[in-house]
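Chemist: Dropping the sequence and predicted coords here.
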Amino acid sequence: MSQDKASTMNKTEELIICYAPTMITTNGIWQGDNPLDYSLPLFILQLTMVVVLTRILVFILKPFRQPRVISEIIGGVILGPSVLGQSPKFASTLFPLRSVMVLETMANVGLLYFLFLVGVEMDLQVVRRTGKKAIIIALAGMILPFLIGVSFSFMLHQKTQLVKQGTFILFLSVALSVTSFPVLARILAEFKLLNTEIGRIAMSSALVNDVFAWILMALAIAIAENEAMSLASLWVVLSSTVFVVFCIFVVRPLVVWMVKKTPEGENISEFYVCIILIGVMISGFITDAIGTHSVFGAFVFGLVIPNGPIGLTLIEKLEDFVSGLLLPLFFAISGLKTEIGAIEGVGTWGILVIVIVLACAGKIAGSLVVALYYQMPFYEGVTLGLLMNTKGLVEMVLLNVGKDQKVLDDKSFAIMVIVAVVMTGTITPFITTIYKPAARKFVPYKRRTIQRIKPDSEFRVLVCIHTPRNVPTIINLLEASHPTKKSPICVYVLHLVELTGRASAMLVVHNSRKSGKPALNRTQAQSDHIISAFENFEQHIECIAIQPLTAISPYSTMHEDICAVAEDKRVAMIIIPFHKQQTVDGGMETLNPAYRTINQNVLANAQCSIGILVDRGLSGLTRLAANHVGHHIAVLFFGGADDREALAYAWRMADHPGIHLTVMRFITGSEVVEPTVDSPGGEDDRRVLTVMTDGNRDKQIDEDYIREFRLRTAKDESIVYMEKVVNNGEQTVAVIRSIDNRHDLLVVGRGQGISPLTAGLTDWSECPELGAIGDLLASSDVASTVSVLVVQQYVGPEAHGGVPSLPENPSLLNEQGANYGQMMNRRQLPRGYCVFNSQP
């Protein structure tokens, strides 16, 4: 009986597999060959199935905010004997035993390079700088699950197993106590916790936990591959230590020498990159030969690669291919080894449930005790414990090695895979339920528009940046905004970074390195470039303060971050780039359609004024002589709140000695024909501008504001005021086309929808979120060399004594544009508030 049990531990070992060395590629189906009988076509089909199934699961689980590792593990289980593999025909046709060797070899190559990249991206300086609190939380979160693993190993361990109890205990306990750093980073970013205190503690603790996990994993593998803790195991540990020392004191100086040989600003030589990639394989070979897993060598080799251009080059060349194509193979192999049917009987399933509950509770209890000791709120301690339950790649590597070394049988392996999926998968819903951060105390402020700012008060601006290309024009625009001692400008520079599954995109948030240290990845390099440009601007211009920030979010919810920062920093204006950029031939091309969605959602939800900048270049003013006119700025004034805000901003700029301002007011002529407007929001036309204007009141406010402007600037020779009488949209376009080409910047209000002066312009409007005139100016056939700033004034309840607030759930906004229902609710707002619903 005991022999039968032992023989069923690894069913593949009962069979002798014959390989045909010549059956690599097929001669073709026309010659009667079955492609699935040959190793290369079969491998291509297997790889395609694995990647496609993983991507489908990622798409399905995305609304539930599940990390990608869950989709990859579940995809592997579906392809394995637990689901599709139950069909003998499926298993023998698509995943025959003769194909496992090729599949597993490629999976391990992918794993090798992925863990090399993890090592490259991991900054050990963070571990060195980590506070005592994070280290204690990491240890407390490991000790209790480790002890729980020890107790349950006695229940799961079979006396018939060939390995000693101690080895089994070590594998099971380490698997339960690890925390996955990359997966945790993704979850924190999804919940927008990366910049919070709890997010920083969780990330630091996970990093410390990962370091301990790698040490314990190397020890567990060393013991597993030598049946007892004998002299051989000691040699494995010692030789592994020698390998680590060799990498630190020999390999790292060589790589640093390669970097120094590369001229500054140039890419690392392909020859050096090739040497490093070969070094990864050699490291894997050495550590496999001395008795630890090959991935340990690749990970250590990655750790000694210095941060900077070489790390950036390696990540850009490898990350998408390795993590997107080869890594899912590793999870597929894990799934092929997972047989849920091996978990038999109510008692075994009961043990599984108890292991999950107690392992989670152990992490939570350990983290909670330390959190309470440091006087953190109770719910934050529980949330921290939940976050530390995140499982991922390290655990799966450990379980696979345990399965291959017969430390874990089919039942134990299946139980631990389910534990990993359930513990990681339940984190998101639990945190959503439990973690209710204290609502940010709202401090009402009135200066939400430029028009309401007093001449002697601070002007706060939030500037959003996608790429370094946006920087020069925005810097020159801020310089033209005329910071003075009486009215200094405080600029919050928000670098907008898309949240992806890549750890490299998230690590920029945890950049606490000293200035001058090379960037870790492309995202961080861009952020550094942007920050250094603004810091240089701050040093050369008086009365301006720069505060850099980074927002890392999916594009669909990025507007929430922008609006929250604007509210928190109490800014009067948000400046955000247009979603198109100018090409060499003067045309306009779309950079990213998602940028447009962000702009639309910000226009719909921001609680302050907004300026969308169509960037066609704007020169600097710093080196100009005092009597030299640097910029010619024109304001096109049609009337309404947005146009008054545009004039208020330009009026502020006009105080700069290097700026010449032209205000062109468009007045309705005697032959004007009032256009007929259909009811907005109709089902047939989804691209509409809805107009809610109290006409007579608005006109009176316009008249008063223009009168005040003319009165106070009458003696200023740098300001020219002119009026143009027009009767229809055609005449308006003709006047705009006749504007002098010497202007550098046109400032215009987003507009009040359809009016006699813009009649017909909206019929062919390409970007209705800019308004009729803004859209016309942003098109490539009008003002093709002039930058345009389209301004929308915030007109909210506080204008009449109410207190504004952010939407209760901005994430409900349609990803394709602003939420239509929310727009319609704003019909109660007074004065000319423009709203839209567009579908690109």
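Modeler: Received, thanks.

Chemist: how much space between the spatially most central residue of the chain and residue 742?
Modeler: What sits nearest the mean C-alpha location of the chain, by Cα atoms, centre = their mean, is residue 499, with 1.3 Å. Going from residue 499 to residue 742 by Cβ to Cβ, to the nearest Å gives 43 Å. Any C-beta I mention is one placed from the backbone N, CA and C, and that applies to glycine too.

Chemist: cool, residue 715 as well?
Modeler: Distance, residue 715 to residue 742, by Cβ to Cβ: 23 Å.

Chemist: so residue 66, which of the three states?
Modeler: With DSSP: H, G, I helix; E, B strand; the rest coil as the basis, residue 66 sits in coil.

Chemist: Does residue 415 touch residue 349 like I think?
Modeler: No - with contacts counted by Cβ atoms under 8 Å, residue 415 stays clear of residue 349, the gap being 9.2 Å.

Chemist: tell me the mean pLDDT for stretch 722-742?
Modeler: In this model, stretch 722-742 has a mean pLDDT of 82.

Chemist: Please point out which parts of it sit buried.
Modeler: By 16 or more other Cβ atoms under 10 Å, the buried positions in stretch 722-742 come out as 724, 726, 727, 728, 729, 731, 732, 733, 735, 736, 739.

Chemist: just stretch 585-604 next, same as before
Modeler: 588, 591, 594-604.

Chemist: how long is it end to end?
Modeler: Taking Cα to Cα, to the nearest Å as the measure, stretch 585-604 stretches 33 Å from start to finish.

Chemist: Surely residue 150 is in a helix?
Modeler: Yes - secondary structure of residue 150 (three-state DSSP): part of a helix.

Chemist: Okay, now the unreliable bits of the stretch 451-600 of the chain?
Modeler: Applying pLDDT under 70 to the stretch 451-600 of the chain picks out residues 500-524.

Chemist: would you list every one of the helices in it?
Modeler: According to DSSP state H, counting those that start in this stretch, the stretch 451-600 of the chain carries its helices in the segments 471-480, 503-506, 522-540, 558-569, 593-605.

Chemist: shaky segments in the stretch 51-200 of the chain?
Modeler: Residues of the stretch 51-200 of the chain meeting the criterion pLDDT under 70: 123-131, 156-164, 194-195.

Chemist: where exactly do the helices run in it?
Modeler: Along the stretch 51-200 of the chain, counting by DSSP H, counting those that start in this stretch, helices occupy 68-79, 88-94, 97-121, 124-129, 132-156, 165-177, 181-190, 197-224.

Chemist: Export the ones you listed as a markdown table, with columns for mean neighbour count and distance to residue 468.
Modeler: Below are the helices of the stretch 51-200 of the chain laid out as a markdown table (neighbours: other Cβ atoms under 10 Å; distance: least, Cβ to Cβ, whole Å):
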| stretch | mean neighbour count | distance to residue 468 |
| --- | --- | --- |
| helix 68-79 | 24 | 29 |
| helix 88-94 | 12 | 47 |
| helix 97-121 | 21 | 22 |
| helix 124-129 | 13 | 25 |
| helix 132-156 | 20 | 33 |
| helix 165-177 | 24 | 43 |
| helix 181-190 | 24 | 22 |
| helix 197-224 | 22 | 26 |
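
Chemist: Adding distance to residue 616, write those out as CSV.
Modeler: Shown next, in CSV, are those (distance: least, Cβ to Cβ, whole Å):
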stretch, distance to residue 616
helix 68-79, 40
helix 88-94, 55
helix 97-121, 37
helix 124-129, 41
helix 132-156, 48
helix 165-177, 57
helix 181-190, 34
helix 197-224, 39
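
Chemist: Surely residue 721 is in contact with residue 654?
Modeler: No - look at residue 721 against residue 654 with Cβ under 8 Å: they stay out of range, at 11.1 Å.

Chemist: what's the overlap in contacts for the two?
Modeler: Common neighbours of residue 721 and residue 654, using Cβ atoms under 8 Å, 6 or more residues apart in numbering, are residue 713.

Chemist: Between these two, point out the one with more neighbours.
Modeler: residue 654 (22 against 16; other Cβ atoms under 10 Å).

Chemist: out of everything not next to it in sequence, what's closest to that one?
Modeler: Nearest residue to residue 654, sequence neighbours excluded (Cβ to Cβ, 6 or more residues apart in numbering): residue 661, at 4.1 Å.

Chemist: Summarise which helices and strands whichever strand or helix holds that neighbour is packed against.
Modeler: Residue 661 is part of strand 659-668, with elements assigned from DSSP states H and E. Counting contacts by 3 or more Cβ pairs under 8 Å, 6 or more residues apart in numbering; DSSP states H and E, strand 659-668 packs against strand 631-637, helix 641-654, strand 719-726, helix 729-737.

Chemist: closest to residue 202 out of those?
Modeler: When the helices and strands packed on strand 659-668 are compared by Cβ to Cβ, helix 641-654 sits nearest residue 202, at 41.8 Å.

Chemist: So, low pLDDT: which residues of the stretch 651-800 of the chain?
Modeler: Ranges of the stretch 651-800 of the chain meeting pLDDT under 70: 671-695, 752-754, 760, 762-763, 780-784, 796-800.

Chemist: one more time with 80
Modeler: By pLDDT under 80, the weakly predicted segments of the stretch 651-800 of the chain are 669-696, 698, 729, 740-742, 751-765, 779-785, 795-800.

Chemist: Strands along that one, start to end?
Modeler: 659-668, 688-690, 719-726, 745-749, 787-792 (DSSP state E, counting those that start in this stretch).

Chemist: Adding distance to residue 80, write the helices of the stretch 451-600 of the chain out as TSV.
Modeler: Formatted as TSV, these follow (distance: least, Cβ to Cβ, whole Å):
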stretch	distance to residue 80
helix 471-480	50
helix 503-506	27
helix 522-540	36
helix 558-569	38
helix 593-605	36
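
Chemist: Which of the ones you listed sits closest to residue 312?
Modeler: Of all the helices of the stretch 451-600 of the chain, the one in closest proximity to residue 312, counting by Cβ to Cβ, is helix 522-540 (5.9 Å).

Chemist: Now the common contact residues for residue 415 and residue 349.
Modeler: With Cβ under 8 Å, 6+ apart as the test, residue 415 and residue 349 both reach residue 343.

Chemist: quick one: which of these two has more around it?
Modeler: residue 415 (25 against 13).

Chemist: Off-centre distance for stretch 278-289?
Modeler: 33 Å (Cα atoms, centre = their mean, to the nearest Å).

Chemist: Also stretch 245-257?
Modeler: With Cα atoms, centre = their mean, you get 33 Å for stretch 245-257.

Chemist: before we move on, what about stretch 251-260?
Modeler: That offset, for stretch 251-260, works out to 31 Å (Cα atoms, centre = their mean).

Chemist: What is the neighbour count of the closest residue to residue 248 other than its chain neighbours?
Modeler: Using Cβ to Cβ, 6+ apart and skipping the chain neighbours, the partner closest in space to residue 248 is residue 304 (5.9 Å). The local packing of residue 304 (other Cβ under 10 Å) involves 23 other residues.

Chemist: thought residue 304 was touching residue 256?
Modeler: No - the pair residue 304 and residue 256 fails to qualify as a contact (Cβ under 8 Å) at a distance of 9.6 Å.

Chemist: OK, contacts around residue 180?
Modeler: Residue 180 makes contact with 69, 206, 210, 390, 391, 392, 393, 394, 395, 424, according to Cβ under 8 Å, 6+ apart.

Chemist: what's near enough to touch the third one?
Modeler: By Cβ under 8 Å, 6+ apart, the contact set of residue 210 is 122, 178, 179, 180, 181, 394.

Chemist: and if we set it to 10 Å?
Modeler: Residues near residue 210 by Cβ atoms under 10 Å, 6 or more residues apart in numbering: 118, 122, 127, 138, 178, 179, 180, 181, 182, 184, 392, 394.

Chemist: Also the fourth one?
Modeler: By Cβ under 10 Å, 6+ apart, residue 390 lies in contact with 67, 69, 178-188, 202, 206, 209, 363, 420, 423-424, 427.

Chemist: Look up the closest residue to residue 76, ignoring the ones flanking it.
Modeler: Excluding the flanking residues, the one nearest residue 76 by Cβ to Cβ, 6+ apart is residue 335, at 2.2 Å.
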